[in-house]
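Student: Dropping the sequence and predicted coords here.
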Amino acid sequence: MHPNKLIEDRLVERFENTYPFSINPFEEQYIELHDRAGNAYTICKRAILQSPFLKMHCGPKPLSLDISPQAMRLVIRYLYYKLRYGAQVARTEHPSEIPVFKAIPHTIALEVADAAALLQI
């Protein structure tokens, strides 16, 4: 077996254990976002689609947003959280099975709220 095939199989298996649907990281589409400081973030298109704003404004070119790096990292983590647990929330009768999203530090809570309002999440 070719070493790259082994790595690919392990990555695909890891995603299958994490998400309730199949994700092959080698076949996924990715979108690049930039924060206010110019940092680039490469995000799975499925996670991007969790935001109506990003769904409408993302294209083949990177999208720059007026969001601080700290808030951007939290927003991205929330997009993946919503991707992972969003459908499960609608189906479950026991919300305790779904982990609580990590608390947002009070020092950046306002920035995160502004970013969430912009992205409609």
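Tutor: Done, it's in. Numbering: from 1, shown residues only.
Student: Straight-line length of stretch 49-62, end to end?
Tutor: Across stretch 49-62, the terminal residues are separated by 15 Å (Cα to Cα, to the nearest Å).
Student: Next, the buried residues of it.
Tutor: Gln50, Ser51, Leu54, Cys58 (16 or more other Cβ atoms under 10 Å). C-beta coordinates here come from the backbone N, C-alpha and C atoms, glycine included.
Student: Least confident of those residues?
Tutor: Here the lowest pLDDT out of the buried residues of stretch 49-62 sits on Cys58, with 85.
Student: show me the contacts for that residue.
Tutor: Taking Cβ atoms under 8 Å, 6 or more residues apart in numbering, we find Cys58 in contact with Ile31, Lys45, Ile48.
Student: Got phi/psi on the first one?
Tutor: It refers to Ile31. phi -120, psi 140 (degrees, to the nearest 10).
Student: tell me the pLDDT at it?
Tutor: Reported pLDDT for Ile31: 91.
Student: For it, give its distance to Gln88.
Tutor: 24 Å (Cβ to Cβ, to the nearest Å).
Student: cool, the last one as well?
Tutor: Taking Cβ to Cβ as the criterion, Ile48 is separated from Gln88 by 19 Å.
Student: neighbour-wise, which of these two wins?
Tutor: Between Ile48 and Gln88, counted using other Cβ atoms under 10 Å, the more crowded position is Ile48 (22 against 12).
Student: didn't the more buried one look like it was pressed against Leu79?
Tutor: Yes - between Ile48 and Leu79 there is a contact under Cβ atoms under 8 Å: 7.0 Å.
Student: ok so, going back, output the buried residues of stretch 49-62 in a markdown table, with distance to Asp66 and secondary structure appended to each entry.
Tutor: Below are the buried residues of stretch 49-62 laid out as a markdown table (distance: Cβ to Cβ, whole Å; DSSP: H, G, I helix; E, B strand; the rest coil):
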| residue | distance to Asp66 | secondary structure |
| --- | --- | --- |
| Gln50 | 20 | coil |
| Ser51 | 15 | coil |
| Leu54 | 14 | helix |
| Cys58 | 16 | coil |
